[in-house]
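S.K.: need a structure here:
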Amino acid sequence: MSERNPNVVEVRVLNSENNTCYYFTLREDRLRDFYRSILADRRPTSGPWMPGLSYAATFGVKAIFCRVPDKFPALDVLVWLRDNQKQYLGEYPNPTIGLPELEVALERYATLATQLYQDGTGDEIRTEPNEAAI
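M.R.: A predicted model of the protein is given here:
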């Protein structure tokens, strides 16, 4: 039996619609890498934004979280990512990473990292985006 990856942890995401919690398994090293990729290439968004996740951004979620239910509170996942940036970066960036920027960053991150299996494996992270995927 293989050893459990120490970067795989379970986190609780509040579902604001019914005040219950979803339990997600994530790779902390992937989450740190995700936040750092945002800081390396800040792309704040402007204009109207629809709360939730684009289809492309869901693949970014699957590159950070190992177990993602078919239906999950998309906006609440973005809120969780926004609220936990200090824990994984050591401090809040200035300006802090907002919800629209997180969604766009998830879309970009999906082209850089493989989706994770339920056990947290799937370690390939590319440093350059696949031009065909952009």
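S.K.: which SS class is the most centrally placed residue in the chain?
M.R.: Within the chain, the residue whose C-alpha comes closest to the C-alpha centroid is residue 61; the distance, by CA atoms, centre = their mean, is 4.5 Å. Three-state call for residue 61 (DSSP: H, G, I helix; E, B strand; the rest coil): helix.
S.K.: right, and it touches residue 54 too?
M.R.: No - the pair formed by residue 61 and residue 54 falls short of the contact definition of CB atoms under 8 Å, at 10.7 Å. No exception for glycine: its C-beta is placed from N, CA and C like everyone else's.
S.K.: least trustworthy helix or strand in the chain by mean pLDDT?
M.R.: Among the helical and strand segments of the chain, the one scoring lowest on mean pLDDT, DSSP states H and E is strand 65-67, with a mean of 86.
S.K.: what is the next helix or strand after that strand packed up against?
M.R.: From strand 65-67 onward toward the C-terminus, using DSSP states H and E, the following helix or strand is helix 74-83. For helix 74-83, the elements it packs on are strand 8-15, helix 99-110, judged by 3 or more CB pairs under 8 Å, 6 or more residues apart in numbering; DSSP states H and E.
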